[in-house]
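Sequence first, predicted model second:
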Amino acid sequence: QVRLVESGGGLVQPGGSLRLSCATSGFTFSRFTMSWYRQAPGKGRELVVGINSAGVITNYADSVRGRFTISRDNVKNTVSLQMNSLKPDDTAVYLCNARRFDIVLLDYWGQGTQVTVSS
């Protein structure tokens, strides 16, 4: 059974930091591109940043470049998102995604974790 479970969200003041984690199981983690998406109220889902199976970081959203860092641990089967200098516009549900194309597209999602940036 595939599972992606996000944690680490919460309420933080502008300028603060949070570290999100996504624990996974049920698939060969090291072979998947892992990404963080976010969805703010009333808006569509936005790709924040991804990291491929080779550990190359891809697809940084311009709005988070220089502030957010993604990393993966292929032993623990986790992916993390370090978020610094948070802004109110970063408020959203953050979702973990695992994706691999192997004859068919394999696309797995977590349930999300809420991040609220407010004073």
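That came in fine, so what should we check first? Residues are numbered from 1 along each chain as shown.

Paired strands for the one helix or strand Val48 maps to, with orientation please.
According to DSSP states H and E, Val48 maps onto strand 45-51. Sheet pairing of strand 45-51 (DSSP bridges) gives strand 33-39 (antiparallel), strand 57-58 (antiparallel).

so how far is the helix or strand that the last one is followed by from its chain's centroid?
Spelled out, it's strand 57-58. The element immediately downstream of strand 57-58 (helix or strand, assigned by DSSP H and E) is strand 68-73. How far strand 68-73 lies from its chain's middle: 8 Å, per CA atoms, centre = their mean, to the nearest Å.

With stretch 25-40 instead?
That offset, for stretch 25-40, works out to 8 Å (CA atoms, centre = their mean).

picking that back up, return the most buried member of the strands paired with strand 45-51.
strand 33-39 (a mean of 22; mean count of other CB atoms under 10 Å). (C-beta placed from N, C-alpha, C; glycine too.)

What lies in contact with that strand?
20, 22, 45-53, 58-59, 70, 72, 79, 81, 90, 92-100, 112, 115 (CB atoms under 8 Å, 6 or more residues apart in numbering).
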